[in-house]
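> need a structure here:
(one chain, ligands or ions: 1)
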Amino acid sequence: MAQKGKLSTEAYKGVRDFYPEDEAVQKYLFATMRGAVEKFGYAEYHASILEPAELYRGKTSEEIVSEQTYTFVDRGEREVTLRPEMTPTIARMVAAKRRELSFPLRWYSIPNVFRYERPQRGRLREHWQLNVDLFGSASPSADAEIIAVAHAVMKAFGASESDFEIRIGSRAFLNALAEKAGLSSEKREQLLRLLDRRAKISAEEFEKGLAALGVPPEAFSAPAAPDDVRSLVAALQDLGIGNARFDAGIVRGFEYYTGTVFEVYDTRPENNRSLFGGGRYDNLLQLFGEEPVPAAGFGMGDVTMRDFLSVRGRIPPYAPPTKAYLAVTSAELVPEAMRLAAELRAHGVNAAVDLGDRKLGDQIKNADRQRIPYLIVVGEDELRSGEFAVRTLATRAEATLSRTELGSFFLNLP
Ligand code: HAM
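Predicted coordinates:
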């Protein structure tokens, strides 16, 4: 009976349900990221979604903290925030074990993070974010390595250098500019926020903002690359990376960045936006009363990465984990089918058994719809003779095999 006021089946606004086909894409994304990052010697860590709200206040990004965090008071009157990013968490973890850890330290994670944003293309309220961070080195080689890892992840997704561009900015450059214009630290923060919002506002609004701060617009029209960026681009070229360049407008919205910062842009016009970014942040550990530990890293979101692959038709087709589906000619044969399935599993074959509630034709349709590649019919005749037909559902080709041959048949498949 239909109920009045029944519950909606929609997911909460701006978050996604991952049905198996969607989850398979996530698994592909994460496996590709892990593979690329571990090649550079990074080890995976993890942490809780929940953090004390004070971890973010006044230390990260004003916009995120005051407008985008999910914060609540728990039953013990503690203010708790669902992490909007991973950087404060990793800084906390490194600070907590600073004396036991050895540096340089290379860590990565793929956490889900939450931001109360207006859902739109490339922006949701929950996303997964590959975080790659290198602690304990102020050397420009660390900045170069972080960008090299980002480049390698893109390559692992099949991207060529013409598919994306690495735009590098510099906080030192920005600070020098602010000093030249005589900006107070408050005005410097305003300039940073204005630059960070540049892509979201009109050119007119941007110039008005600059004028209000007394910064000449020429400061952002093709200035020469500052020394730190110039040597970074050269170091990247040495590593065979040719698609990085200086962009004075790249600042990144977080207050903790201290040196070079970068954003990776998709070059496709229909997807021309920042895919991900990062930079150097040398002082974050001071929040925990620790000596500063120089650090650099980046965060790459799954949503923008999926869009990048999807406009290029590069999302791999779905293949379920199940290899074989065992259909039965009558419900009484289910225990026999389960025995056969157990034999297959012992050979490492993922096998599912129909439960005999539907007609054979419908059982086969079910396997086909789930895109399970192979079907085995278990009937009286097959059990008596010990010979089973393995049907390839996509081509309808059949091979007849004895019970003992079945396991090795699957093992020898491509
Ligand atoms: P972020 O630029 O705020 O940096 O986020 C990094 C990436 O996460 C973005 O470039 C984008 O790919 C993705 N992202 C951010 N917000 C959303 C959203 N609402 N929906 C979908 N994707 C999103 C950071 O979070 C820094 N903590 C990164 C970092 C790590 N810096 C150093 N280490």
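> okay, now the domains of the chain?
20-310, 324-411 (automatic domain parsing).
> for whatever residue of the stretch 101-250 of the chain ends up closest to the ligand, what are its contacts?
Closest approach between the stretch 101-250 of the chain and the ligand, counting by CB to the nearest ligand atom: His127, at 3.6 Å. All C-beta spots, glycine's among them, are computed from the backbone N, C-alpha and C. Contacts for His127 (CB atoms under 8 Å, 6 or more residues apart in numbering) come out as Asn112, Val113, Gly301, Asp302, Val303.
> now do Ala397
Arg391.
> gap between it and Tyr374?
Per CB to CB, to the nearest Å, Ala397 is found 10 Å from Tyr374.
> joint contacts of those two?
Arg391.
> sorry, back to before: now do the helix or strand hosting the residue of the stretch 101-250 of the chain closest to the ligand, average pLDDT.
For His127, the element it lies in under DSSP states H and E is strand 126-135. The average pLDDT for strand 126-135 rounds to 98.
> I'd like the next helix or strand past it.
helix 140-156.
> briefly note if the helix or strand that that following helix is followed by comes near the ligand.
Toward the C-terminus, helix 140-156 is succeeded by strand 164-170 as the next helix or strand (DSSP H and E). No: for strand 164-170, no contact with the ligand is found by CB under 6 Å from any ligand atom; the gap never falls below 12.2 Å.
> mind exporting the C-alpha coordinates of the next helix-or-strand element following strand 164-170 to CSV?
Using DSSP H and E, the helix or strand that follows strand 164-170 in sequence is helix 171-180. Extracted C-alpha coordinates of helix 171-180, given in CSV (Å, rounded to 0.1, in the frame of the first residue of the first chain):
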residue,chain,number,x,y,z
ARG,A,171,53.2,33.4,-2.9
ALA,A,172,56.6,35.1,-2.7
PHE,A,173,55.8,37.0,-5.9
LEU,A,174,52.5,38.0,-4.5
ASN,A,175,53.9,39.1,-1.2
ALA,A,176,56.6,41.2,-3.0
LEU,A,177,53.8,42.8,-5.1
ALA,A,178,51.7,43.5,-2.0
GLU,A,179,54.7,45.1,-0.4
LYS,A,180,55.4,47.3,-3.5
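> what is the rounded mean pLDDT of helix 171-180?
Across helix 171-180, the average pLDDT comes to 87.
> then stretch 18-28?
pLDDT averaged over stretch 18-28 gives 97.
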